[in-house]
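Chemist: turn this into a structure:
(one chain, ligands or ions: 2)
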Amino acid sequence: MDRDVYYNKSGCYDPTAGEAISNTSKNMRVFYTTRKWRRCRNGFMANRYFVCERCGGVATIAHHKKPITAENISNPDITLNWDNLEAVCYGCHSAIHGGGGAVFAGVTFDEDGNLKYSPPHRD
Ligand SMILES: [Zn+2]
Ligand SMILES: [Zn+2]
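Modeler: Ligands and ions are numbered 1, 2, ... in the order given. I've put the predicted structure just below:
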């Protein structure tokens, strides 16, 4: 229920942090739909033969080893750099991101590697 509520380091509700997080997840969702990301991802996954680098299963997701953040989302050395990508299957990707597989608050992928719809943010 307080999924959309964010707390700062001292445990107090921090509306600014919430806003920053929701802006970043919005930008990330947009990034994952851009042509340059899709081309980068498709080329990379084909280069890895769609084989999961962790378990040898069928890879559907290009995982960012150095995670995308608000600071680096416009830096192609992070977002579009093959050196920063790892071809992984849905199961391994979920494990990397701690069960749910969310790469960021509100940004999740399905088993085919497509962005999962999540309900609009309640503000
Ligand atoms: Zn795997
Ligand atoms: Zn990932």
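Chemist: and residue 86, which of the three is it?
Modeler: Following DSSP: H, G, I helix; E, B strand; the rest coil, the label given to residue 86 is strand.
Chemist: report how many residues lie close to it.
Modeler: For residue 86, the neighbour count with other CB atoms under 10 Å is 20. Using the backbone N, CA and C atoms, a C-beta is placed for each residue, glycine as well.
Chemist: pLDDT score assigned to the residue nearest to it when sequence neighbours are not counted?
Modeler: In this structure, residue 86 finds its nearest non-sequential neighbour in residue 63, 4.6 Å apart by CB to CB, 6 or more residues apart in numbering. Here the pLDDT value assigned to residue 63 is 97.
Chemist: doesn't residue 63 lie inside a strand?
Modeler: Yes - with three-state DSSP as the criterion, residue 63 is part of a strand.
Chemist: give me phi/psi at the spatially closest residue to residue 112 that is not a sequence neighbour?
Modeler: Leaving aside its chain neighbours, residue 112 sits nearest to residue 60 (5.6 Å; criterion: CB to CB, 6+ apart). Main-chain torsions, residue 60, degrees, to the nearest 10: phi -120, psi -10.
Chemist: OK, contacts around residue 60?
Modeler: 45, 50, 89, 90, 109, 111, 112, 113 (CB atoms under 8 Å, 6 or more residues apart in numbering).
Chemist: just those: which are in strands?
Modeler: Here DSSP state E is the test, and the contacts of residue 60 give no hits in strands at all.
Chemist: now tabulate these in JSON lines and tack on distance to ligand 1 and pLDDT.
Modeler: Listed next are these as JSON lines, based on distance: CB to the ion, whole Å; pLDDT from 0 to 100:
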{"residue": "45", "distance to ligand 1": "13", "pLDDT": "98"}
{"residue": "50", "distance to ligand 1": "11", "pLDDT": "98"}
{"residue": "89", "distance to ligand 1": "3", "pLDDT": "97"}
{"residue": "90", "distance to ligand 1": "8", "pLDDT": "95"}
{"residue": "109", "distance to ligand 1": "14", "pLDDT": "92"}
{"residue": "111", "distance to ligand 1": "12", "pLDDT": "92"}
{"residue": "112", "distance to ligand 1": "14", "pLDDT": "91"}
{"residue": "113", "distance to ligand 1": "12", "pLDDT": "92"}
